[in-house]
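Q: sharing a sequence plus its predicted fold:
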Amino acid sequence: MSTRQEAAVEVVWSALHRRVPLATAVVSLAIAAPAGIGATRILLGMDLPYALVAAGAAGTVLLVVVAAYVHGVARLRTTRFRLTAERLELRVGILTRQHRAIPRDRVRSVDVKADVVRRAFGLAVVKVGTGEHTSGESAELTLNGLAAAEAESLRRTLLSGVAARESVQEDGGQAIAGLRWQWVRYAPLSIWVFVGGAVAIGAIKKVLDVFGLDVFSASMAKAAWEWLIANPWISVPVVVTGSLLVGLVGAVGLFAETWGGYRLEWEAGTLRVRRGLLTRRSLTLETGRLRGVVVAEPLLLRLGGGAKVRAVAVGLRKAEGDESEEVSALTPPMPRAEAVRVASRVLHASPSPVAMAGGLDDLRPHPKAARSRRVRPALATVATLAAAMAVADLLTGWIPAAAWALPLIALPVASALALDAYRGLGHRLTGSHLLTRAGSALRTTVALDRGGIVGWRIRQSFFQRRLGLITVAATTAAGDGHYDVLDVDASEGLDLAAQAVPGLLEPFLLRRES
């Protein structure tokens, strides 16, 4: 047996924290309460005495909680992990046993998460990522139920090798950004404000259904519709205002929960993001795996002067169903100038390539043919809408006169968005990054590390070929996998790709003799 193997044998297997069963039982109340209510409805329908109904409901709740506690005990006794000099190992499974391991030199990110219940019990969940774009089990390892202090210690230990592999940056250990509560003014600048009322009604309906209250019946919906039709000058403003208020409150609450306690900082060769008011999250990324940043400006946020920053990094997992923000998010919605400053610090560049992309004059504009590629489809869409309405009115006569305002309003709106999308196009090469910007409803400025570009994908549609345009996509192992320079002049786009990564595209280019 080798020395390394002997060292691995000597490492003791550790268990999850003993409070895991209690935390599991408390979490199960979210299932036990509806189950108890359902049992109550069934027993009441059987005309049983109230005492038996109460006993049956209590027994149902107790059964669910006890089952969850027993499952927690079983998981506590069957889950073991250990950290050796070479790997992090996990043995898990109640009926089917699994033994998984991640080499320590492949650890690229560590995500520590603790919701309200786990925080109350002093527990946390640790997710260790290897930086691989794969759905295989070896890509990520999860330890669910460590003590908070142990989780933090494990995070530091796993990433201690990163500091040894990466040179410590000059601003290591320093904060890049922290939460300012005045940024909450950007929270309502989202499409969710407009649909918040409908989402709230759907959530309330589900809760009432659990209690057996059929408030949103067909007869009620019919009565509400008749009231809307009979009193449009009162009902429409009331409904719209109420929906916006509900959406506003929801957006502010979501901002507070997602970004409360936010802090972005360098930490010995890693980039760490901490956030969350009730559910605390801590994501640590190896800076050697960063390939750039994205400054995202959704339309409403852009009109309000705000922006958000996302990381382009190798191996970041996708957001889970209970997560309201992308895992790659580095900042909340904030003033655009602040977003540019944060992106500059993340990129370690002075002057930063993202700072250069702050204005339209700083990026190379695209040909006017690209404007036609946006304006013509917008006008065609409006014309198609008007033609469809005319045909429907001719055949059925059911199109009201007020509906003809729709294409009249859509025409300037579509034209403005198309022109804005064209003005947003731009690209540029700096010494270390490829810059590309596009979009209107969602404008993104990408600063992609030229060293992280592994290939090129050149596309030219039939309509692009007629206009002499191409789309150049830089492929990378990070982020979305590719980032596009849309509708650029064909010769200029090929030159851009050739200059961005010298030698990569040259074997496939044919130069014309001058």
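A: Looks like it arrived, so ask away.
Q: use CA for all of it now, contacts and neighbours both
A: Fine.
Q: what about G315, neighbour count?
A: 22 (other CA atoms under 10 Å).
Q: show me the contacts for H482.
A: Residues near H482 by CA atoms under 8 Å, 6 or more residues apart in numbering: A473, A474, T475, T476.
Q: now do the same for the nearest residue to it once chain neighbours are set aside: helix, strand or coil?
A: Excluding the flanking residues, the one nearest H482 by CA to CA, 6 or more residues apart in numbering is T475, at 4.1 Å. Three-state call for T475 (DSSP: H, G, I helix; E, B strand; the rest coil): strand.
Q: quick check, T475 in contact with D449.
A: No: taking contacts as CA atoms under 8 Å, T475 lies outside contact range of D449: 11.2 Å.
Q: quick check, W233 in a strand?
A: No: W233: not assigned to a strand; according to three-state DSSP it is helix.
Q: distance of it from V239?
A: 11 Å (CA to CA, to the nearest Å).
Q: going on from the one helix or strand L385 maps to, what's the next piece of helix or strand?
A: In this assignment (DSSP states H and E), L385 forms part of helix 368-396. Proceeding N to C from helix 368-396, the next assigned helix or strand is helix 405-424, under DSSP H and E.
Q: tell me the strands in the stretch 101-250 of the chain, going along the chain?
A: 109-114, 123-129, 140-147, 175-178 (DSSP state E, counting those that start in this stretch).
Q: tell me which of these lies nearest to F81.
A: strand 140-147 (8.3 Å; CA to CA).
Q: other SSEs contacting the one helix or strand V472 maps to?
A: Element membership for V472 (DSSP H and E) is strand 469-476. When contacts are defined as 3 or more CA pairs under 8 Å, 6 or more residues apart in numbering; DSSP states H and E, strand 469-476 sits against strand 453-459, strand 482-489, helix 490-500.
Q: so for the last one, what's the average pLDDT?
A: Helix 490-500 carries an average pLDDT of 93.
Q: what's in contact with that helix?
A: 429, 434, 450, 456, 468-472, 474, 485, 504-506.
Q: give me the ChimeraX select line for the residues you listed, limited to the buried ones.
A: Applying 16 or more other CA atoms under 10 Å to the contacts of helix 490-500 leaves a buried subset, and the ChimeraX line that selects it is:
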select :429,434,450,456,468,469,470,471,472,474,485,505
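Q: tell me which two of the contacts of helix 490-500 sit farthest apart.
A: R450 and G468 (25.7 Å).
Q: now for S235: which residues touch it?
A: Counting by CA under 8 Å, 6+ apart, S235 touches W227, L228.
Q: state the distance from it to G260.
A: Note on S235: its distance to G260, by CA to CA, is 37 Å.
Q: next, the residue nearest the centre of the chain: phi, psi?
A: The centre of the chain sits closest to E326, judged by CA atoms, centre = their mean, with a distance of 1.7 Å. For E326, the backbone dihedrals (degrees, to the nearest 10) come out as phi -60, psi 150.
Q: quick check, it in contact with V312.
A: No: counting by CA under 8 Å, E326 stays clear of V312, with 11.8 Å between them.
Q: can you tell me the number of residues neighbouring the residue nearest to V126 when sequence neighbours are not counted?
A: Distance criterion CA to CA, 6+ apart; nearest residue to V126, sequence neighbours excluded, is V112 at 4.6 Å. By the criterion of other CA under 10 Å, V112 has 23 neighbours.
Q: also T396?
A: Neighbours of T396 (other CA under 10 Å): 9.
Q: go on, M220?
A: Neighbour tally, M220, other CA under 10 Å: 12.
Q: repeat that for L419.
A: Counted with other CA under 10 Å, residues neighbouring L419 total 17.
Q: now do G431
A: 10.
Q: same check on T241?
A: As a burial measure, T241 scores 14 neighbours (other CA under 10 Å).
Q: where does it land on pLDDT?
A: Reported pLDDT for T241: 86.
Q: go on, T3?
A: 47.
Q: also D480?
A: 90.
Q: so what's it closest to, chain neighbours aside?
A: D480's closest residue in space is V312 (CA to CA, 6+ apart), at 7.9 Å.
Q: any regions of this protein where pLDDT drops low?
A: Applying pLDDT under 70 to the chain flags residues 1-10, 131-138, 161-173, 205, 207-219, 319-324, 349-361, 510-514.
Q: according to the record, where do the domains of it fall?
A: Using automatic domain parsing, the domain ranges for the chain come out as 17-78, 186-259, 263-365+425-508, 368-422.
Q: having no further points to raise, I will conclude here.
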